[in-house]
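Peer 1: fold the stuff below for me.
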Amino acid sequence: MRRPHHHPRHQHGRPLRRRDHRAPRRTGGGRRPARGDHDGGDPGGDLRGSDARVTAPRRRLARGAAALTLADPRRRRLLAGLAAVAWSGAAPPALGAAARVVAIDWGLAATLVSIGVTPVGVAEIPLYRTWVAEPALPAAVADIGLRTAPNLERLAALRPDLIVMGQQTENARALMAPIAPALVLDIYSGRRTPLAAAREAALSLGVATGRETEARAFITAFERTADTVRARLAGIDRPLLPIAFLDARHVRVYGRGSLLADVLARLGLRSAYEGATNPWGFAVLGLAELASHSDALAVVIGPTPPGVEATLARPGLWRALPFVREGRVRSIGPVWAFGDLSAAARFAQALPPVLAGSAP
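Peer 2: Residues are numbered from 1 along each chain as shown. Coordinates of the predicted model:
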């Protein structure tokens, strides 16, 4: 069986690459791991240093988290997952004390807004508005530069109490340490499903900002949304194929280990792609490789790169694919597939309008 097509790194709508010491995710049938614009990278991670050994400060953190779990049963559900959470820099603020929060990771920024916390700074705001879209960032939020290399002068000028980030920003953590403590939360850590990790991240941010009640309400709202959508789509038996175009010849296809596949499962729907995926739960495939999913209903996730739609409208390989030829393609707006519960809810809510009237 062909290995998924290698594609150059995509410029903007991508998770950020980092070194990864875990074995690639494999699926049945002995397939080699999917390669793509991020093969070998991972926006998630664990409590490992660059040499793959757990560092001493993080070992101490893990022991402290375990003690706190025993001492405070009310937070047992939250702190049970803190093996994927690391503090760095100055001493962390007391629980609930962080009022001025900077978010480098877009998914964590979206979670903060969703629980009623307006971050004072977020990385790459124009691209957030393109790739994440909702929840919208208030106009007062400052742009702190690149996710991979935040502007330290801007960051310091904001005088944050707390910086929240994913493990992919670890190379910049030492530089940010004198500015404010950092809370590291990973959706794609490999220790739990992305959807479960997104729930835990929401609770962690709620505790850190004094918004635990709002965080729990946020999680409850997602579950209610999922239950409602599941009931509405109960008659859909055809497998769904979530894809995002990289260019007119290549797509990301989301499968096992992705937030989107987790949402489909939560909604009682089947994911069409069962092949190998990278640590973010997707593979980069050429259009010809989609032909094997002849019975699928494709869901195209925006935004589509400029010029791609015009190219696809002309006669060619895309229009010859069975699900395209038979009218089984639906398009939805932007969903940050590497995001949080708000992205999961956005994906779930986008499906009923486009699937209404679809054949089972």
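Peer 1: what does the strand or helix carrying residue 226 rub up against?
Peer 2: Per DSSP states H and E: residue 226 is located in helix 212-232. By C-beta atoms under 8 Å, 6 or more residues apart in numbering, the surrounding residues in contact with helix 212-232 are 96, 111, 114-116, 199, 202-203, 205-207, 263, 266-268, 341, 344-345, 348-349, 351-352. Any C-beta I mention is one placed from the backbone N, CA and C, and that applies to glycine too.
Peer 1: helix or strand right after it?
Peer 2: Next element after helix 212-232 (DSSP H and E): strand 240-245.
Peer 1: how far does whichever helix or strand comes after that next one sit from its chain's centre?
Peer 2: Using DSSP H and E, the helix or strand that directly follows strand 240-245 along the chain is strand 250-254. In terms of C-alpha atoms, centre = their mean, to the nearest Å, the centre of strand 250-254 is found 15 Å from the chain centre.
Peer 1: can you pull out the helices in this protein?
Peer 2: 56-71, 76-79, 106-114, 125-131, 152-157, 170-176, 194-208, 212-232, 259-266, 308-313, 317-320, 322-325, 341-355 (DSSP state H).
Peer 1: now render these as CSV, adding mean pLDDT, mean neighbour count and distance to residue 144.
Peer 2: CSV is the format used below for these (pLDDT from 0 to 100; neighbours: other C-beta atoms under 10 Å; distance: least, C-beta to C-beta, whole Å):
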stretch, mean pLDDT, mean neighbour count, distance to residue 144
helix 56-71, 31, 13, 25
helix 76-79, 41, 17, 27
helix 106-114, 98, 27, 11
helix 125-131, 97, 16, 9
helix 152-157, 96, 15, 5
helix 170-176, 79, 16, 10
helix 194-208, 96, 24, 18
helix 212-232, 97, 17, 23
helix 259-266, 98, 24, 24
helix 308-313, 95, 14, 30
helix 317-320, 96, 14, 39
helix 322-325, 96, 15, 41
helix 341-355, 97, 21, 20
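Peer 1: pipe these into CSV and attach distance to residue 185 per row.
Peer 2: Below are the helices of the chain laid out as CSV (distance: least, C-beta to C-beta, whole Å):
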stretch, distance to residue 185
helix 56-71, 13
helix 76-79, 12
helix 106-114, 6
helix 125-131, 17
helix 152-157, 18
helix 170-176, 13
helix 194-208, 4
helix 212-232, 12
helix 259-266, 14
helix 308-313, 33
helix 317-320, 38
helix 322-325, 36
helix 341-355, 12
